[in-house]
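Student: Have a look at this fold, sequence not included:
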C-alpha cells in the first residue's frame, strides 16, 4: 500500500479497489504531501488511511519513506510533520511507525503533537500546522487524554459536549480573522455564521456516530477532524484544484467568470473556504442500516445489503426529522447542512461506504429541478433515474445528492464531507 506519489482523487479511489486484493500490512507514505492539493484530496487521503487501518486491524505499520531514525534532524522533521493531518492519522491508526529502512520510530515522539493541541486550545489557529498554507486544523484523537479540544468542546455535568452555536461561531470567526486579517467585520460575520453551523452539526454528528462501531463497541483508535483552508483561484489554478470532475469545474468556472466581468483588466481571482470534516466511524449507511429491526448484530450492513439499499439509507439520513437515535431532538442536522449549502451557493462532496455524492452548481440545480418536476414525488422527496436524491421544501428543491461520477466505488471507512463556500473579495 503506497501513498508516496501520484495522489489524486482518482488514484485514491483506484487504490481503495486495490485494497481488496492487497495482503500487505505496511502503508508507505511521506510526511509532506504535494502542495497545493486539489479539492477534497486531503479528506480522501485521511479516509483512505482509515480504511487501510480498519482492514489490516492492529497489525498496520505506517512507514514514512522520507524519514530516517539516524538523521540528526529527525525530531525537527517529526515536529513539523505532526502538523499535517495525514501524518497524525497514519500514526494514530497504526500499531507501529517506521522510517524508510524499516527501523522503528518510538511512539513517545507523538508528544510533538501537543504543541499543535496547545495551539488549537489557545485559539492560536495559524500554529495548528507548520506549512505555508492559510489553514487551520482541529483534530480529536479518540481515547487520547485531550481528545476533546477546548475550542470546540465544553464540560457539562462531567461530560464533554459541543459548544453551543454562538460560541462555535466566535471560534470560526477567530479562525477566519487569522486566515484573512484583511477582511472587515461584515465579511467575517457573513462567512462565519454558515461555517459555524456546518462545523457544529457535522462534528456533533460524528461524536454521536463515529466513535463506536455498528455493535456499539468503542473503537480502540480513531479520529474526528475538521480543517479549514483559504483557497485563492485563478483560471490557471482552477483546473488543478477542480481535478477531473466536470460539475466542480463548472462550479468554479461560474465564479471565475463573474470575477472576470469585475476585473477590469486585472487577472480575475476568486477566494473560497474549503472545509473538510472527516471521521473514522462506520459511515452513514452502516449506521442507519444497523439501527433497523431486521439487522443481526455482528453482520456488516454493507455486506448483507446491496448498493440500492445503501443509497436509500444515505437518503434517509438527509430527510428532515429522520434519525437512527432515540433522541426526539435530533434529526435536523444533515437536513440543515443541506439548506445552508443551498443558501450560500456552496459545493459539497460526500464520501461514505460505497458511494460518493455531490451538491452544487446553478446548472445542476436547474437540471435536477427540471427532472424532479416530471418524476413521482413521495412527500418531500424524489429519486431520479440517474441515482440523484432530491429533497424538497414546499414546492422548491431544497437540496440534492447527485452521484459524483458514473464509476462504482469501493468501500471506504468513515465519512468525509468536503465543502466549498465562496467568499466575496
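Tutor: Received it, and whenever you're ready, just let me know what you need. Computed from a prediction, not measured in an experiment: that's the story for all the values here.
Student: which residues sit against stretch 186-194?
Tutor: The contact list for stretch 186-194, computed with CB atoms under 8 Å, 6 or more residues apart in numbering, reads 169, 172-173, 176-177, 180, 273, 340, 343-344, 346, 421, 423-424. C-betas here are computed from N, CA, C, even on glycine.
Student: Remind me what the lowest-mean-pLDDT helix or strand in the chain packs against, helices and strands.
Tutor: Least confident helix or strand of the chain, by mean pLDDT, DSSP states H and E, is helix 333-343 with a mean of 72. Packed against helix 333-343 by the contact rule (3 or more CB pairs under 8 Å, 6 or more residues apart in numbering; DSSP states H and E) you find helix 185-209, helix 307-318, strand 355-359, strand 389-393, strand 396-403.
Student: right, so those: which one is the most enclosed?
Tutor: Comparing the helices and strands packed on helix 333-343 by mean neighbour count (mean count of other CB atoms under 10 Å), strand 355-359 ranks first with a mean of 22.
Student: Going by neighbour count, which residues of the helix or strand following that one are buried?
Tutor: Note on strand 355-359: by DSSP states H and E, the next helix or strand toward the C-terminus is helix 362-374. Neighbour-count burial for helix 362-374, counted by 16 or more other CB atoms under 10 Å, picks out 364, 365, 367, 368, 371, 372.
Student: And the third one, how close does it get to residue 126?
Tutor: Counting by CB to CB, to the nearest Å, the gap from residue 367 to residue 126 is 40 Å.
Student: Below-threshold pLDDT in the stretch 251-400 of the chain: ranges please.
Tutor: By pLDDT under 70, the low-scoring segments of the stretch 251-400 of the chain are 258-267, 320-335.
Student: re the thing from before, pipe the helices and strands packed on helix 333-343 into CSV and attach distance to residue 3 per row.
Tutor: Shown next, in CSV, are those (distance: least, CB to CB, whole Å):
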stretch, distance to residue 3
helix 185-209, 23
helix 307-318, 26
strand 355-359, 19
strand 389-393, 32
strand 396-403, 26
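Student: coming back round to it: tell me the one of the buried residues of helix 362-374 nearest residue 62?
Tutor: residue 364 (38.4 Å; CB to CB).
Student: Surely the closest one is in contact with residue 247?
Tutor: Yes. Counting by CB atoms under 8 Å, residue 247 is a contact partner of residue 364 at 5.9 Å.
Student: overlap in contacts of those two?
Tutor: Joint contacts of residue 364 and residue 247 (CB under 8 Å, 6+ apart) are residue 402.
Student: in the stretch 51-200 of the chain, which spans are strands?
Tutor: Counting by DSSP state E, counting those that start in this stretch, the segments of the stretch 51-200 of the chain that form strands are 61-64, 96-98, 104-105, 135-141, 153-156, 159-162.
Student: of the ones you listed, which approaches residue 13 most closely?
Tutor: strand 61-64 (21.0 Å).
Student: Tell me which strands the closest one pairs with, and in which orientation.
Tutor: strand 26-29 (parallel), strand 96-98 (parallel) (DSSP bridges).
Student: Which one, of those, ends up nearest to residue 355?
Tutor: Shortest distance between residue 355 and those, using CB to CB, is found for strand 26-29: 24.0 Å.
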